[in-house]
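In: Show me the folded form of this:
(one chain, ligands or ions: 1)
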Amino acid sequence: MTENKIGIVTDDDFASKNIPPYPRPTFLSFETPLRIKVIMDYFEKINLFADKQIIKISPRDIDESIIKLAHSTYHINSIKYLSSLGSGFLGDEVFITKDTFNLAKKALGGTIEAIESVLKKEINQSIALVRPPGHHASREKASGLCIFNNIANAILYLREILNYDKRIAIIDIDDHFGDGLVQYFYDDPSVLYFSVHEYDYLEGDIGFINELGEGEGIGKNINFPIPMGTRDDEFLEFFDILKPILKEFKPDFIIVAAGFDMYFDDAIGNCLLTSMSYYNFTNRILKIANNTCNGKLAFILEGGYSLIGLPVCVHAVIKALLKEKHERHFFENVNFLKNPKTKDDIIKIKVALKKLLSNYWISIDY
Ligand SMILES: [Zn+2]
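Out: Modelled structure (predicted):
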């Protein structure tokens with residue numbers, strides 16, 4: 001494959017189904033079909049699909065047995081049952097509509113398609129524009145707007161159905177800690193989970209630096225918690241740790257849990273990023289992927305709720321994959337107040353995390 005091919009995996013159903021039954025600005029109301037609709041409308045408007053390098057791909061229709069690789073029968077049946085009733089609400093901020101089961105199944109089918117088509121070298125990189133998101137869902141339950149854990153489930157599909165046993169790195173840049181995703185591979189040395197997320201330093205939370213994995217997986221779970229208010233010029237500090245570790249880990253595939261809720265206009269996250277951060281992140285991770293795993297890289301949409309920000313952030317990722325230039329949009333040129341403590345906190349975390357990781361990685365000096 002000599003030419004550059006970027007796959008966009010999506011479906012009209014993501015842009016029209018599973019409408020939250022609550023008025024804005026309820027937390028639940030932000031996980032809406034409009035998230036995908038605004039992205040796809042923008043891509044139509046700028047004629048992105050006329051670019052021969054962009055390949056539009058449909059999600060794979062998967063069998064329910066695939067979901068069972070990552071979820072209990074009770075969980076799957078609960079979602080199916082509530083969807084058949086037409087509505088419902090589950091414990092940790094999850095709404096159900098008549099479409100939820102089928103759309104969540106399709107989101108998983110899209111995630112699998114995005115990863116497998118890169119693995120089979122049909123395309124160079126991919127981005128799955130799917131919803132509901134997945135990284136808070138665990139084996140037994142839906143949580144935080146997530147129904148099925150799309151990324152964990154796709155990896156278990158690779159392992160158990162395709163017999164793919166090579167090393168995989170997950171880089172989770174959603175504003176929130178992937179508390180569901182982390183549980184699947186906590187003791188698995190073949191899956192590296194690296195999460196950068198907004199952290200509540202005042203109250204404390206899970207997702208702190210001392211959660212390093214367990215058993216054979218120790219050192220392969222890395223949390224880089226950052227403070228609220230993190231800006232473009234502070235965000236990418238974690239590459240000082242991520243880059244040497246990925247070089248040493250030598251993944252065969254890199255999956256990005258691509259949440260865009262650190263965007264400054266996001267209704268749920270409290271950080272101050274613009275599309276420039278997502279562009280620069282993608283440039284750097286693509287370079288690492290090119291050097292370690294023949295560029296095998298897939299972005300899977302997680303959170304991100306700004307209907308203004310989503311189209312330009314997702315486009316920024318695609319521009320980096322296409323090796324095109326990117327500039328901030330005019331509405332992103334905001335002079336955010338600089339809090340000098342933010343950078344200090346990030347550096348302190350980086351130093352403390354390096355000290356812990358130096359026990360498990362020769363490339364990390366302390
Ligand atoms: Zn999130």
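In: For the protein, which segments count as strands?
Out: 6-9, 54-57, 87-90, 94-97, 125-128, 168-172, 191-198, 221-226, 253-258, 297-301 (DSSP state E).
In: And the ones you listed: which comes nearest the ion?
Out: Set against the ion and scored by CB to the ion, the strands of the chain come closest in strand 191-198, at 8.1 Å. (Glycine included, C-beta is placed from N, CA and C.)
In: Near the ion, which residues of the stretch 51-200 of the chain are found?
Out: Within the stretch 51-200 of the chain, the positions adjacent to the ion are 174-176 by CB under 5 Å from the ion.
In: cutoff 8 Å now
Out: Within the stretch 51-200 of the chain, the positions near the ion by CB under 8 Å from the ion are 133, 135-136, 144, 174-176.
In: Drop anything exposed from those residues.
Out: Buried subset of these (neighbour count, 16 or more other CB atoms under 10 Å): 133, 135-136, 144, 174-176.
In: Let me have the strands of the chain in CSV, adding mean neighbour count and distance to residue 152 as columns.
Out: Formatted as CSV, those follow (neighbours: other CB atoms under 10 Å; distance: least, CB to CB, whole Å):
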stretch, mean neighbour count, distance to residue 152
strand 6-9, 23, 18
strand 54-57, 16, 21
strand 87-90, 14, 18
strand 94-97, 22, 17
strand 125-128, 27, 14
strand 168-172, 25, 9
strand 191-198, 25, 9
strand 221-226, 22, 13
strand 253-258, 25, 10
strand 297-301, 28, 11
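In: Those: lowest mean pLDDT?
Out: Among the strands of the chain, strand 87-90 has the lowest mean pLDDT, at a mean of 91.
In: what's in contact with that one?
Out: Applying CB atoms under 8 Å, 6 or more residues apart in numbering, the external contacts of strand 87-90 come out as 21, 78, 82, 95-98, 141-143.
In: With stretch 43-54 instead?
Out: 3-6, 8, 56, 311, 315, 318, 322.
In: rewinding a little: make JSON lines out of the strands of the chain and add distance to residue 154.
Out: JSON lines is the format used below for the strands of the chain (distance: least, CB to CB, whole Å):
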{"stretch": "strand 6-9", "distance to residue 154": "11"}
{"stretch": "strand 54-57", "distance to residue 154": "14"}
{"stretch": "strand 87-90", "distance to residue 154": "22"}
{"stretch": "strand 94-97", "distance to residue 154": "20"}
{"stretch": "strand 125-128", "distance to residue 154": "9"}
{"stretch": "strand 168-172", "distance to residue 154": "10"}
{"stretch": "strand 191-198", "distance to residue 154": "12"}
{"stretch": "strand 221-226", "distance to residue 154": "19"}
{"stretch": "strand 253-258", "distance to residue 154": "8"}
{"stretch": "strand 297-301", "distance to residue 154": "8"}
